[in-house]
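>>> Predicted model follows, preceded by the sequence.
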Amino acid sequence: MLWERGPSTVRDVLEQLQEKRGWGYTTVLKLLQIMNEKGLVLRDTKRQSHCYWASVPQEATQKSFVSDLIDRVFTNSPQKLVMHALADHKATPEELAELRKLLKELARRSK
């Protein structure tokens, strides 16, 4: 969310997450504080309402989290991750076409 919206207060983030998760203010604040400690978000404390923004680009964060997920949960198997994701979440025909295209490109590169 911070990638799309840019700098946001805890209340801004709360409004977005309440629609999806129903979280409370203190939960969102604690998560942002933890993310700040880990260097995932930065915080401006000069104003009364602290403002947070992403410190790492979305693609880099996703790559790191997926890599960690594959290692920890799917016994270092990207195939298991993809198979599980596709079994549990219905992909659109367009998404499946993109996946086929990516698999062909990866197969071509590995020859």
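Sure thing, it's come through. Numbering: from 1, shown residues only.
>>> quick one: low-confidence parts of the protein?
The model of the chain has no residue with pLDDT under 70.
>>> Take whichever strand or helix holds residue 15, keep the C-alpha atoms, and write them as PDB.
Of the helices and strands defined by DSSP states H and E, residue 15 is found in helix 10-20. What follows is the C-alpha trace of helix 10-20 in PDB, where atoms were taken according to Å, rounded to 0.1, in the frame of the first residue of the first chain:
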ATOM      1  CA  VAL A  10      -0.900   5.300  10.600                       C
ATOM      2  CA  ARG A  11      -4.500   6.500  10.200                       C
ATOM      3  CA  ASP A  12      -4.100   6.500   6.400                       C
ATOM      4  CA  VAL A  13      -2.800   2.900   6.500                       C
ATOM      5  CA  LEU A  14      -5.500   1.900   9.000                       C
ATOM      6  CA  GLU A  15      -8.300   3.100   6.700                       C
ATOM      7  CA  GLN A  16      -6.900   1.000   3.800                       C
ATOM      8  CA  LEU A  17      -6.400  -2.100   5.900                       C
ATOM      9  CA  GLN A  18      -9.700  -1.900   7.800                       C
ATOM     10  CA  GLU A  19     -11.500  -2.600   4.500                       C
ATOM     11  CA  LYS A  20      -9.500  -5.800   3.900                       C
END
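>>> outside of the helix or strand just after that helix, which residues touch it?
Next along the chain after helix 10-20, taking DSSP H and E as the criterion, comes helix 25-37. Judged by Cβ atoms under 8 Å, 6 or more residues apart in numbering, the contacts made with helix 25-37 from elsewhere in the structure are 10-11, 13-14, 17, 41-43, 52. The way it works is simple: take the backbone N, C-alpha and C, and place the C-beta from them, glycine included.
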